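Asker: just coords:
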């Protein structure tokens, strides 16, 4: 089982597990732990949970240890399931397994991602009570939690406390503070934090540099974005290239986004759905309908499923060129692919149909949107009722 587990051949591991159980030979705690860890790392928490529960339903009782509980906690934390983390942590205590440093770090990470500094503080105190000294990771979680609530001063106070305790600065904490400033369009403050970070010997990683790149992109400052991109001392990733493309689009240079896309392919960086979404937006702004179709063909070739934003952009492009049938065909494809249209998709189609005098179809789409609990503006209902239309078919 372990031999198959190492290269990630989970299906073979499961097959061997079933065959050995059929012979009355059950895995030990170590084997269970390895399989649970693999499931939680892959995000298949239910399968990991099934094995976790199976450890007490065999012919003899397996003792769950730190590794077992920590694997489950890490899986839940990764998905942001804080309540599930709390329940699993309580089960760990009830079973007599004492939390270790990894356990506390995982619990603090889970709460910091949700912006819950007081919950992080609770586990910091429990950690100290059990004899574990405050670590850079633990205080970094506190810093992230404060930053995610928007309390930048609270986050900076944690960094000062880390310095007082002689702990190395938290790179993740700095990243969270910089991101908060960027989200508020406070680029000067973000750059100031980055300078303070480098003075203390912390080298900005790719995540932090991408956050600053996003700040320039939000403002449409193409020159600043290109300068930062060129000065990056790490290899740009898909986020870097996509953000730079977005800067060109927002800065009124959609053709430049296509140039960045070609640079991305030349660097052997694989585009993702968001990359194609930005590329499609550049085609929309240039009224390049042929280019938009090429983007879709590229996505299909790369087996990347279009997002609702991409479908919405396509619908808007077809409506702008007064090709309502093509727009409705995109809507049909969305439904067939299992992608639920959003508010923008519905509004674009309904107004296009009303303008074309196709009120019955507009009303049908309106009812469809309401049935999907899409919050449409009240004046749209007035527009529909004020427009002469044929009798609706009963639903």
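Answerer: Received, thanks. Remember, predicted model here, so these are calculated numbers, not experimental data. Residues are numbered from 1 along each chain as shown.
Asker: just checking, next helix/strand downstream of the helix or strand hosting residue 194?
Answerer: If you go by DSSP states H and E, residue 194 is part of helix 187-199. Moving toward the C-terminus from helix 187-199, the next helix or strand (DSSP H and E) is helix 206-219.
Asker: The closest residue to residue 197 other than its chain neighbours: helix or strand, and which one exactly?
Answerer: Counting by Cβ to Cβ, 6 or more residues apart in numbering, residue 197 lies nearest to residue 174, which is 4.7 Å off, once chain neighbours are set aside. C-beta here means a position set from N, CA and C on the backbone, and glycine is covered the same way. Per DSSP H and E, residue 174 falls inside helix 171-183.
Asker: before we move on, what about residue 77?
Answerer: Residue 77 belongs to helix 66-78, assigned by DSSP H and E.
Asker: show me where pLDDT drops low in this structure?
Answerer: Residue ranges of the chain with pLDDT under 70: 1-13, 57-62, 386-395.
Asker: and the helix or strand harbouring residue 104, how far from the chain's centre?
Answerer: Assessed by DSSP H and E, residue 104 sits inside helix 101-113. Centroid displacement of helix 101-113 relative to its chain, using Cα atoms, centre = their mean, to the nearest Å, is 19 Å.
Asker: and the angle from it to helix 66-78?
Answerer: Between helix 101-113 and helix 66-78, the angle comes out at 10 degrees (axes from the mean of the first three to the mean of the last three Cα atoms, to 10 degrees).
Asker: Buried residues of stretch 144-154, list them for me.
Answerer: Using 16 or more other Cβ atoms under 10 Å as the test for burial, stretch 144-154 gives 144, 145, 146, 147, 148, 149, 152.
Asker: Out of those, which comes closest to residue 107?
Answerer: residue 145 (12.0 Å; Cβ to Cβ).
Asker: Residue 343 against residue 374, yeah?
Answerer: Yes - Residue 343 sits in contact with residue 374 when judged by Cβ atoms under 8 Å, with a separation of 5.3 Å.
Asker: So what's the residue count around the nearest residue to residue 202 once chain neighbours are set aside?
Answerer: Leaving aside its chain neighbours, residue 202 sits nearest to residue 169 (5.0 Å; criterion: Cβ to Cβ, 6+ apart). Look at residue 169: counted by other Cβ atoms under 10 Å, it has 19 neighbours.
Asker: try residue 351
Answerer: By other Cβ under 10 Å, neighbour count at residue 351 equals 14.
Asker: which stretch of helix or strand covers it?
Answerer: Short version, using DSSP H and E: residue 351 is in helix 343-355.
Asker: show me the residues around residue 306 that make contact.
Answerer: Neighbouring residues of residue 306 by Cβ atoms under 8 Å, 6 or more residues apart in numbering: 273, 276, 296, 299, 337, 339.
Asker: can you rerun that using 10 Å?
Answerer: With contacts defined as Cβ atoms under 10 Å, 6 or more residues apart in numbering, the neighbours of residue 306 are 273, 276-277, 280, 295-296, 299-300, 312-314, 330, 333-334, 337, 339.
Asker: Then residue 337?
Answerer: 305, 306, 311.
Asker: same deal with residue 242?
Answerer: When contacts are taken as Cβ under 10 Å, 6+ apart, residue 242 is in contact with 210, 213-214, 217, 236, 257, 260-261, 264, 269, 271-279.
Asker: Select only the buried ones of these in PyMOL?
Answerer: Those of these that count as buried under 16+ other Cβ under 10 Å are selected in PyMOL with:
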select buried, resi 210+213+214+217+236+257+260+261+264+269+271+272+274+275+276+277+278+279
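Asker: Can you tell me which of the contacts of residue 242 end up in helices?
Answerer: Here DSSP state H is the test, and the contacts of residue 242 give 210, 213-214, 217, 257, 260-261, 264, 273-279 as lying in helices.
Asker: Could I have the buried ones of the contacts of residue 306 as PyMOL selection syntax?
Answerer: In PyMOL, a selection of the buried entries from the contacts of residue 306 looks like this (16+ other Cβ under 10 Å):
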select buried, resi 276+277+280+295+296+299+312+313+314+330+334+339
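Asker: Got the domain ranges for the chain?
Answerer: 1-98, 112-204, 208-304, 319-395 (automatic domain parsing).
Asker: Dump the ones you listed into TSV; add distance to residue 105 as well.
Answerer: As requested, the domains of the chain are exported to TSV (distance: least, Cβ to Cβ, whole Å):
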stretch	distance to residue 105
domain 1-98	9
domain 112-204	5
domain 208-304	21
domain 319-395	37
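Asker: ok so, going back, packing partners of the helix holding residue 77?
Answerer: helix 29-42, helix 45-54, helix 82-94, helix 101-113 (3 or more Cβ pairs under 10 Å, 6 or more residues apart in numbering; DSSP states H and E).
Asker: Throw the ones you listed into a markdown table and include distance to residue 197 and mean neighbour count, thanks.
Answerer: Below are these laid out as a markdown table (distance: least, Cβ to Cβ, whole Å; neighbours: other Cβ atoms under 10 Å):
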| stretch | distance to residue 197 | mean neighbour count |
| --- | --- | --- |
| helix 29-42 | 30 | 19 |
| helix 45-54 | 35 | 17 |
| helix 82-94 | 29 | 16 |
| helix 101-113 | 19 | 23 |
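Asker: Reformat those helices as TSV; add distance to residue 187.
Answerer: Output for the helices and strands packed on helix 66-78, formatted as TSV (distance: least, Cβ to Cβ, whole Å):
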stretch	distance to residue 187
helix 29-42	37
helix 45-54	39
helix 82-94	32
helix 101-113	24
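Asker: quick one, what contacts the most centrally placed residue in the chain?
Answerer: By Cα atoms, centre = their mean, the chain has its centre lying nearest to residue 79, at 9.8 Å. Residues in contact with residue 79 (Cβ under 10 Å, 6+ apart) are 40, 43, 45, 85, 110, 113.
Asker: Thank you, goodbye.
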